[in-house]
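Colleague: sequence and computational prediction follow.
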Amino acid sequence: MIRLRPANERGHFDHGWLNTYHTFSFGHYQDLEHERFRSLRVMNEDFVAGGQGFGAHGHRDMEIVTYVLSGALAHKDSMGNGEVLRPGEFQRMTAGTGIRHSEFNNSPDEPVHLYQIWLLPDREGHEPSYEQKPFDPAGRHNQLQLVASPDGADGSLTIHQDARIYLADLDADRNLTLDLKPGRHAWLQVLRGTVELNGVRLETSDGAAVSDEAALQLHAVDAAEVMLFDLA
């Protein structure tokens, strides 16, 4: 079963400095039909204007993953980390028992386009931690590249949840297959381009929840970038 989440049906707020789209309930956007999918709790697509950002704020007991599509995002947190996240880099932050952090676009005029994703952790009370690393684009060209997993497999970031996150950059008319083990679920988020998932067409920023499917057949209608979640 594939349940499409069209981009134009997401929650949307334009705050001037922040243009944001919410796949699931978040902040002032509350949708009882789209609270979460499995451990996937937040899927926000954000456009942050130059010279703007998110001031210091706190989180607890959440796995927070950030991926930048364009621009650069400066990160600071209460653990002393200070990094700049650029396209092709993945960031994972375990809020655990409590962390404060901020993100800022230091460019005076170039916006930052990013996805911020929250996953519920496998338990409460993890020690806060932070990871960030670049991933070779060649490793996701017409193939799935593992970027986060519960065991840090293949050099991926470590998340405290039974979930695996993949990226793929697909040329037009290319195909990918992912077998799903019994009882597993998947979420596909199209970052750019157009794809067909088991025959269902998804455009840029569309998402899809997948359950009770033995395999995912992904076909790129045109050049596309996707993020795929394999979930318990």
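Modeller: Arrived safely.
Colleague: now the nearest residue to Thr23 once chain neighbours are set aside: how far from Ser211?
Modeller: In this structure, Thr23 finds its nearest non-sequential neighbour in Met43, 3.7 Å apart by CB to CB, 6 or more residues apart in numbering. In short, each C-beta sits where N, CA and C put it, glycine included. For Met43, the distance to Ser211 equals 17 Å [CB to CB, to the nearest Å].
Colleague: when these two are compared, which one has more neighbours?
Modeller: Using other CB atoms under 10 Å as the criterion, Met43 and Ser211 rank with Met43 on top: 24 against 15.
Colleague: touching the one helix or strand that one maps to from outside, list them.
Modeller: Met43 is part of strand 40-48, with elements assigned from DSSP states H and E. Residues outside strand 40-48 that contact it (CB atoms under 8 Å, 6 or more residues apart in numbering) are 10, 17-24, 26, 54, 62, 71, 73, 103, 105, 111-120, 163, 187, 189, 205, 207, 229, 231.
Colleague: cutoff 7 Å now
Modeller: 17-24, 26, 105, 111-120, 187, 189, 205, 207, 229, 231 (CB atoms under 7 Å, 6 or more residues apart in numbering).
Colleague: out of these, name the ones that lie in helices.
Modeller: Using DSSP state H to define helices, no part of the contacts of strand 40-48 is located there.
Colleague: just the buried residues of the residues you listed.
Modeller: For the contacts of strand 40-48, a neighbour count by 16 or more other CB atoms under 10 Å gives the buried set as 18-24, 26, 105, 111-120, 187, 189, 205, 207, 229, 231.
Colleague: and the closest residue to Ala153 other than its chain neighbours, bridged to which residues?
Modeller: Distances taken as CB to CB, 6+ apart put Leu146 closest to Ala153, at 6.2 Å, once the chain neighbours are dropped. With DSSP bridges applied, Leu146 shows beta-bridge pairing to Tyr166.
Colleague: one more: Ala209?
Modeller: Using DSSP bridges, the bridge partners assigned to Ala209 are Arg3, Trp187.
Colleague: quick one: it from Thr94, how far?
Modeller: 25 Å.
Colleague: OK, contacts around the closest residue to Thr194 other than its chain neighbours?
Modeller: Take Thr194 and drop its neighbours on the chain: the residue closest to it by CB to CB, 6+ apart is Val221, 4.1 Å away. Neighbouring residues of Val221 by CB under 7 Å, 6+ apart: Thr194, Val195, Glu196.
Colleague: same for the host helix or strand of Val65, what does it pack against?
Modeller: Here Val65 sits within strand 63-70, counting by DSSP H and E. Packing contacts for strand 63-70, counted by 3 or more CB pairs under 7 Å, 6 or more residues apart in numbering; DSSP states H and E, involve strand 89-94, strand 112-119.
Colleague: weed out the non-buried ones from the contacts of Val221.
Modeller: Counted by 16+ other CB under 10 Å, those give Thr194, Val195 as buried.
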